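Asks: Give me a model of this one.
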Amino acid sequence: MKAPLSNPSSLVLRVALLQCGTGPPYASRVPSLYSKLLKSRPEHTKIEIDVYDVMKESYPSDYSQVDAVIISGSTSSAYDADAWIQRLQEEIRALHAAEQRILGICFGHQIIAQALGGRVERNPRGFAAGWRQFRLSAAAQWALRWGGAEM
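Replies: Residues are numbered from 1 along each chain as shown. Model (predicted):
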């Protein structure tokens with residue numbers, strides 16, 4: 001089991017962002033959006049984000065050097081047969097087996113579910129994207145070590 005993140009006086013959280021989209025808004029906005037999201041971190045915590053373009057087969061060479069992995073959204077579908085999607089699923093299974101912390105956003109959570117045996121289906125209403133506001137339960141806040149209930 002991966003050791004829990006401690007909270008020493010100066011913690012550096014190293015994040016690998018697996019970017020799964022190249023067109024607008026992904027290529028230009030995604031890294032900064034995740035950086036802004038992660039700025040609501042505990043005091044005295046520094047976040048270092050390295051971005052990997054998984055559509056071009058770019059991945060960290062050593063996942064033991066990162067504390068967490070974020071898998072971004074994409075205009076692609078988890079059930080597409082593209083080679084980069086198949087490789088991403090292999091990476092996810094290896095990360096899961098190594099008990100690495102993984103967070104999937106939109107396409108990211110769908111591809112995690114599919115890689116680990118879940119089923120992802122086409123939305124009958126078509127592609128949807130955008131911001132949604134939601135409230136985290138106390139259990140979710142604890143699991144994410146989040147400072148507030150609203151995102």
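Asks: can you tell me which helix in this protein is longest?
Replies: Counting residues, the longest helix in the chain under DSSP state H turns out to be helix 83-97.
Asks: just checking, what packs against that helix?
Replies: With contacts defined as 3 or more C-beta pairs under 8 Å, 6 or more residues apart in numbering; DSSP states H and E, the packing partners of helix 83-97 are strand 68-71, strand 101-104, helix 107-115. The C-beta positions use only the backbone N, C-alpha and C, and glycine is treated the same way.
Asks: In CSV, list those along with mean neighbour count.
Replies: Compiled in CSV, the helices and strands packed on helix 83-97 are given as follows (neighbours: other C-beta atoms under 10 Å):
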stretch, mean neighbour count
strand 68-71, 23
strand 101-104, 18
helix 107-115, 21
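Asks: need the ones you listed in CSV with mean pLDDT and distance to Tyr79, can you?
Replies: Listed next are those as CSV, based on pLDDT from 0 to 100; distance: least, C-beta to C-beta, whole Å:
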stretch, mean pLDDT, distance to Tyr79
strand 68-71, 93, 16
strand 101-104, 92, 15
helix 107-115, 94, 7
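Asks: Kindly reformat these as CSV containing distance to Arg135.
Replies: Listed next are those as CSV, based on distance: least, C-beta to C-beta, whole Å:
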stretch, distance to Arg135
strand 68-71, 21
strand 101-104, 18
helix 107-115, 18
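Asks: nearest to Trp84, of those?
Replies: With C-beta to C-beta as the criterion, Trp84 lies closest to helix 107-115 of the helices and strands packed on helix 83-97, at 10.7 Å.
Asks: if we look at that closest one, which residues are touching it?
Replies: Contacts with helix 107-115, where a contact means C-beta atoms under 8 Å, 6 or more residues apart in numbering, come from 18, 20-21, 70-74, 76-79, 85, 88-90, 92-93, 96, 102, 104, 119-120.
Asks: If any of those are buried, give me the PyMOL selection for them.
Replies: Command for PyMOL that selects the buried part of the contacts of helix 107-115, burial taken from 16 or more other C-beta atoms under 10 Å:
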select buried, resi 18+20+21+70+71+72+73+74+76+77+78+85+88+89+92+102+104+120
